[in-house]
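1. After the sequence you'll find the predicted model.
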Protein chains: 4
Amino acid sequence: MKAGIVGANGYSGIELIRLLMNHPSIELEMLVSHSTKGASISDVYPHLSGLLDKPLEDFDADKLAERVDVVFFATPAGISKDLLPECLKRGLTCIDLSGDFRLKDPEAYETWYHHAPADASLLNDAVYGLSEVNRRQIEGASFIANPGCYPTATLLGLAPALKDGAIDPGSIIIDGKSGVSGSGKQMVLGNLYCEVNESVKAYKLGTHKHLPEIEQEIAALSGETHPVTFTTHLIPMTRGLMTTIYATMEKGYSTREFLQLYERYYEKSPFVRIRPIGTWPATKEVVGSNFCDIGLNVDGRSRRLTIVSVIDNVVKGAAGQAIQNLNIIKGWDEQTGLKLTPIYP
Amino acid sequence: MKAGIVGANGYSGIELIRLLMNHPSIELEMLVSHSTKGASISDVYPHLSGLLDKPLEDFDADKLAERVDVVFFATPAGISKDLLPECLKRGLTCIDLSGDFRLKDPEAYETWYHHAPADASLLNDAVYGLSEVNRRQIEGASFIANPGCYPTATLLGLAPALKDGAIDPGSIIIDGKSGVSGSGKQMVLGNLYCEVNESVKAYKLGTHKHLPEIEQEIAALSGETHPVTFTTHLIPMTRGLMTTIYATMEKGYSTREFLQLYERYYEKSPFVRIRPIGTWPATKEVVGSNFCDIGLNVDGRSRRLTIVSVIDNVVKGAAGQAIQNLNIIKGWDEQTGLKLTPIYP
Amino acid sequence: MKAGIVGANGYSGIELIRLLMNHPSIELEMLVSHSTKGASISDVYPHLSGLLDKPLEDFDADKLAERVDVVFFATPAGISKDLLPECLKRGLTCIDLSGDFRLKDPEAYETWYHHAPADASLLNDAVYGLSEVNRRQIEGASFIANPGCYPTATLLGLAPALKDGAIDPGSIIIDGKSGVSGSGKQMVLGNLYCEVNESVKAYKLGTHKHLPEIEQEIAALSGETHPVTFTTHLIPMTRGLMTTIYATMEKGYSTREFLQLYERYYEKSPFVRIRPIGTWPATKEVVGSNFCDIGLNVDGRSRRLTIVSVIDNVVKGAAGQAIQNLNIIKGWDEQTGLKLTPIYP
Amino acid sequence: MKAGIVGANGYSGIELIRLLMNHPSIELEMLVSHSTKGASISDVYPHLSGLLDKPLEDFDADKLAERVDVVFFATPAGISKDLLPECLKRGLTCIDLSGDFRLKDPEAYETWYHHAPADASLLNDAVYGLSEVNRRQIEGASFIANPGCYPTATLLGLAPALKDGAIDPGSIIIDGKSGVSGSGKQMVLGNLYCEVNESVKAYKLGTHKHLPEIEQEIAALSGETHPVTFTTHLIPMTRGLMTTIYATMEKGYSTREFLQLYERYYEKSPFVRIRPIGTWPATKEVVGSNFCDIGLNVDGRSRRLTIVSVIDNVVKGAAGQAIQNLNIIKGWDEQTGLKLTPIYP
């Protein structure tokens, strides 16, 4: 099977390359990058020299249709909504890592992304690719809206409790912490080393694009629509993302009972690991891998559950989950090409 | 006025040295360090060579009484409860940066600190040195329990809203993020560079020593006793501490109205700076200084207030506030020796 | 083929585990760790949970002989010299990642390592496992002294020029820069986050254990014995090692001619990559992989050649090269299990 | 005395602000920043809010002449050569932190800086402000070319040995390591957090602008002109700069004798600290201060001296030395406003 990547020059693109080079059933055939077209990928990224010397090409739906079977879009917001339909039309399997097709409501997209939305029918066709939760719908799909990094960690952390009715969906507060690669290679002051290093910064309170996505999917899981409180923080590290989630309990479970609930829910999900009682994950323990590690703590006094969920934002939060979704679509073992041991230390 | 430091070898001790060297009315006279006694401070800390070449001495209450007027205890938990009373007896002004005298309830101390508590009457005598909130009690006091780093950022972030009755004290959730210097120079695996770097870690959920301290002082501010939810995270940076605080509103203030409330409350407090609407602080913006910077955000949909509060954990969270308290005790300008511009970048 | 690791708890041990799990012809059978015996490896290292749940056992040469074919020693200096001979005797292939068998001269070992040396005949038997340089001797060997991290980067950077006689071996100056994982998990002040972070430190000038190893192998490459100047620096990063090497030229080559010389020398060495003229490597470009990337610059005015050589210290500088050596011993493709794309960013 | 800063928005500018706010005899009167004119400095840099709320203005030589006595230029290369003469003409004392007036040879400037040079006579008038070496010429001067960061660390490290004739000036090799603030706030890929973090990178071999400056001043110190080898490396830290310098000895001094030579040379220079035998400085030990710390090591076998010299690149390497020079010009105590204890940890 042959694959193309649109937006190969960004950090999600380059991670797709790393992971797809390791995938036994996929051949990387076409790399598209508007900004660096003409160059070889290994000129732009010397770490690939001797490993992959493909040229970066301009976007051309016909060429993609001719040469590949699946296209990954690792583009900034506002790009794939125009380009991806061209590929869908030509019968290609499309996996979009941007936010362009995640929100079912076109108006919400316009409000949060400040772009004209894609066609409502297309938005409807896109399957929200939270692999562990939507596996059924992903099987056999041909068009995936790959979840954002914060929503991935958050929703995997919430799904078992919400499905069980064990927590109040109206009480959810999400405190997110992300490494800098989440903001990509954007040339903005806030991404400069000297501005980020030795600092934690709270940003975009109440305005982060991932907020409506999280609310939409919490509603899908719980059957109820509620506003959630969501705060994001920039952490001085390259990779890694944690969400610490707070919710009021509806059922009087102990930590141990919650852990059992989670273990059961993720029994057939090799990429989700539940931590033993009294321990919580560090982002370092998943870096380089497709794992989502989850730790729990019940505070009986306040009847609140605290959930700590970590991922590598460019793997499970982007490129890894995209490939996991392709594996599911194709009926391959979900872990194909993704049996990656975290890099430690 | 002459000062001594007990625990001069730790990170709070060394910061007391940096700040006191800059104080016009205090002379550093005696440095006590059990673990490195005999050495000169500039042998242990070459950054002080040429600046301060004092010897490190063993603890001796009589010598302290002879040579100094005020003693700062920058010792690990469980030390000052035994040593400090010896200094008090001898008429010395004592400022304790450890947790030994912060909890008014001896049993709570035993439960959370796993040491035998100090005498209940001594615990009662200690004034909780949250400068901006307890200025009155601090004036003229001779024995200060200096607040912990997480409580300082948290309580300064909550005080105006709690005093006003604008938030529900039973709804408070505190998500703390601290640089590594908060854990001191302890030789434990979790403080090694390779374990901390490039990682965020949640730790001590429900068991952090600062939890009862925060609850005690929230009760003092609000007049009500409630359990709070408090989660702490280790951030890969040396200095800096942020608490992101979530609470349900009792009054329907807008963000702007909350900002005005905070501006008013801290009108005469030069070390607390309130951020303009739509902006939130980064820890980097206070590093090296005694500032606590606070940003606010109201989410009208969920009726929740989010408070972002940052300090330099070794300055306002330890040594700086200790000196601020001494300034208040002595009736000096609160900013004496503490007019420090944050180091940026 | 079955493998055992002695010293599985250290950073080289844990990296051997990561890499061997990825090796198609090797099965990890026995993990030895004196300090953490009894525990499961995934208790000590949660990043391995769900991937490898083997127990950590005490050293037992008989058990090793029974259960494995090859033993990797990832132990601190002064351990394998006693344990490894027990395994050799029992017919096991032994690869030592410590410094115990690298120096041919027992007295030199005693001088630099402050331990009693191994038997001189054993020292003679050990093949110095600098894969690209000593491939012939490694083929079919059963006992490898795996090179140190600094020597690996340095000697790969020097070999083509020395073999050609293009530089004066008496003029060599090596400026080394290493990430903190090179110093392992040792519980010493200098490995604490707050001591290392935001700092470069020069250390062990003239006394680093890797100095005699480098001199020994430069002599082997050039046929002449000279003292070299070698300075090491600690860099605030976890992985990565660079040596910047300075030497006076004996032949008037241009940078381009040197690059051709190096390209030719490493033509059949897939793990060494030579950078195009005018570019030099960053350690980040090899992290997670077994590559050694080399850049060159001739300064015609001073007749000096500058060589910049980078590796991941725990891969090519330790675990990766050890496996590469095993591949060579066994006649397998040198890259078996080691086709690792560097993790970027 | 009133001061203006041209280029107040950059990292050297902001450090000048921090230091001048602490200077008892200088009042900050005018901040010039072309790129952010109109804004208040505390809008651009929230860490200054409540401390300094001055507007950023456009450059205007007449206004400067009216309002200030001394102007600091903290501008990128190629700016002050045009603006500074306007201020000189109007009788202002000018201290240029850029490279525009450091090279005495106009052609060299053109070659290395790729700009048209300033007038030769102006270049001649500028006093090279290496405070400890050129104190005499600085006294009473009105126009200072403040040294670059690499040259400052390098030349202070070399001066005593060169003046003594103890090393061969033709043998000098300089291995430089700098934190990222040295490259300023430039919006280039190489300054992005994800590109710099967890990496050491060698850059600009043989082409760094500081090379001709170093050669010019070595010639001034030694009386001989030689090419030096100079390699620069980017280190993942914000502040701090180290040069490790290698030279062949002309005199058979021991390390101890060299240390004495250096102690004597810097006897009256409070900002240069010589480390005791067997110890070498870390950049962390000078961060935030105007110190240059130097350690030495003689390798008798190779007859080479290794010099390790560290500074805070934005203090002694820029803003601090600029103020030190103003102090010398004015006949004030050299340390006025600069008695800064390094921030540790």
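-> Everything's here; your move. Numbers count the residues shown, from 1 in each chain, chains lettered A, B, ... in the order given.
2. quick one: stretch A:150-163 near chain B?
-> No - judged by C-beta under 8 Å from any C-beta of the partner chain, stretch A:150-163 stays clear of chain B, getting no closer than 11.6 Å. C-beta coordinates here come from the backbone N, C-alpha and C atoms, glycine included.
3. and the stretch 201-345 of chain A, which residues reach chain C?
-> A:238-239, A:270, A:273, A:275, A:279, A:281, A:284-286, A:288-289, A:291, A:293, A:341-345.
4. filter those to the buried ones?
-> Burial of these was assessed by neighbour count (16 or more other C-beta atoms under 10 Å in any protein chain shown); the buried members are A:238-239, A:270, A:273, A:275, A:279, A:281, A:284-286, A:288-289, A:291, A:293, A:341-345.
5. so which of those are also by chain D?
-> With respect to chain D, and counting by C-beta under 8 Å from any C-beta, the subset of these in contact is residue A:238.
6. which residues in chain A form helices?
-> Using DSSP state H, the helices of chain A run over A:11-20, A:41-44, A:61-67, A:80-89, A:106-113, A:120-125, A:131-138, A:149-164, A:193-196, A:210-222, A:255-265, A:320-330.
7. which stretch among those comes nearest chain D?
-> Among these, the nearest to chain D by C-beta to the nearest C-beta is helix A:193-196 (4.4 Å).
8. Give the rounded mean pLDDT of that closest one.
-> Helix A:193-196 shows an average pLDDT of 97 in the prediction.
9. so how far is that helix off the chain centroid?
-> Offset of helix A:193-196 from its chain centre (C-alpha atoms, centre = their mean, to the nearest Å): 25 Å.
10. Please work out which residues outside it touch it.
-> In this structure, residues lying in contact with helix A:193-196 by C-beta atoms under 8 Å, 6 or more residues apart in numbering or on different chains are A:180, A:189-190, A:234, A:236, B:284, B:345, D:11, D:180-181, D:185, D:191-193, D:195-197, D:236, D:238.
11. Excluding sequence neighbours, find me the nearest residue to the most far-flung residue of chain A relative to its centre.
-> For chain A, the largest distance from the centre (C-alpha atoms, centre = their mean) belongs to residue A:301, which lies 34.2 Å off. Leaving out its chain neighbours, the residue that sits closest to residue A:301 by C-beta to C-beta, 6 or more residues apart in numbering or on different chains is residue B:227, at 3.7 Å.
12. ok, now which ones touch the one you found?
-> Shown in contact with residue B:227 (C-beta under 8 Å, 6+ apart): A:299, A:301, A:302, B:215.
13. Would you mind measuring from it to residue A:43?
-> With the distance defined as C-beta to C-beta, to the nearest Å, residue B:227 ends up 58 Å from residue A:43.
14. Which of the contacts of residue B:227 fall in strands?
-> Secondary structure assignment by DSSP state E places residue A:299 of these in strands.
15. Quick check: residues of the stretch 101-250 of chain A near chain D?
-> Counting by C-beta under 8 Å from any C-beta, the residues of the stretch 101-250 of chain A that sit close to chain D are A:180-181, A:185, A:187-189, A:191-198, A:236-238.
16. try 10 Å this time
-> By C-beta under 10 Å from any C-beta of the partner chain, the part of the stretch 101-250 of chain A that sits against chain D consists of A:179-199, A:234, A:236-239.
17. Which of these are buried, as a ChimeraX select command?
-> A single ChimeraX command selects the buried members of these (16+ other C-beta under 10 Å):
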select /A:179,180,181,182,183,184,185,191,192,193,194,195,196,197,198,199,234,236,237,238,239
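18. Of the contacts of helix A:193-196, which belong to strands?
-> residue A:234.
19. Domains in chain A, by residue range?
-> For chain A, the domain assignment from automatic domain parsing gives the residue ranges A:2-147+A:316-330, A:150-313.
20. Straight-line length of the shortest one, end to end?
-> Looking back up the chat, that one is domain A:2-147+A:316-330. This stretch, domain A:2-147+A:316-330, spans 13 Å end to end (C-alpha to C-alpha, to the nearest Å).
21. quick one: residue A:209 and residue A:182 touch, right?
-> No - with contact taken as C-beta atoms under 10 Å, residue A:209 and residue A:182 are classed as non-touching, separated by 11.7 Å.
22. got any residues that touch both of these two?
-> A:148, A:150 (C-beta atoms under 10 Å, 6 or more residues apart in numbering or on different chains).
23. Once you drop chain neighbours, what's closest to the residue of the stretch 51-200 of chain A found nearest chain B?
-> As assessed by C-beta to the nearest C-beta, chain B sits closest to residue A:199 within the stretch 51-200 of chain A, at 3.4 Å. Spatial nearest neighbour of residue A:199, chain neighbours left out: residue B:284 (3.4 Å); criterion: C-beta to C-beta, 6+ apart.
24. and if you look at residue A:215?
-> In space, residue A:215 is closest to residue A:228, 5.6 Å off (C-beta to C-beta, 6+ apart).
25. what does the model give residue A:35 for pLDDT?
-> 89.
26. Give me the local confidence score for the closest residue to it other than its chain neighbours.
-> Nearest in space to residue A:35, with sequence neighbours left out and distances taken as C-beta to C-beta, 6+ apart, is residue A:9 at 6.0 Å. On the pLDDT scale, residue A:9 is placed at 95.
27. same thing with residue A:284?
-> Reading off the model, residue A:284 has pLDDT 98.
28. likewise residue A:174?
-> The per-residue pLDDT reported for residue A:174 equals 98.
29. Just grab the bridge partners of it for me.
-> For residue A:174, the beta-bridge partners are residue A:230, residue A:245 (DSSP bridges).
30. ok so, going back, contact partners for the residue farthest from the centre of chain A?
-> B:206, B:215, B:226, B:227, B:228, B:229.
31. Straight-line length of stretch A:316-335, end to end?
-> Across its full length, stretch A:316-335 reaches 12 Å end to end, with C-alpha to C-alpha as the criterion.
32. Check which residues of it are buried.
-> Residues A:316-330, A:332, A:334 are the ones in stretch A:316-335 that count as buried (16+ other C-beta under 10 Å).
33. roughly how far out does that stretch sit from the chain middle?
-> Once both centres are worked out by C-alpha atoms, centre = their mean, stretch A:316-335 turns out to sit 11 Å from its chain's centre.
34. Equivalent analysis for stretch A:103-121, please.
-> Averaging C-alpha coordinates over stretch A:103-121 and over its chain gives two centres that are 19 Å apart (C-alpha atoms, centre = their mean).
35. coming back round to it: which one of the domains of chain A is the most hemmed in?
-> When neighbours are counted by mean count of other C-beta atoms under 10 Å in any protein chain shown, the highest per-stretch mean among the domains of chain A falls to domain A:150-313, a mean of 22.
36. Show me what from the stretch 51-200 of chain A comes close to chain B.
-> Counting by C-beta under 10 Å from any C-beta, the positions of the stretch 51-200 of chain A adjacent to chain B are A:170-179, A:190, A:192-200.
37. ok, now with 8 Å
-> When proximity is defined by C-beta under 8 Å from any C-beta, the stretch 51-200 of chain A lies next to chain B at A:173, A:175, A:177, A:179, A:194, A:195, A:197, A:198, A:199, A:200.
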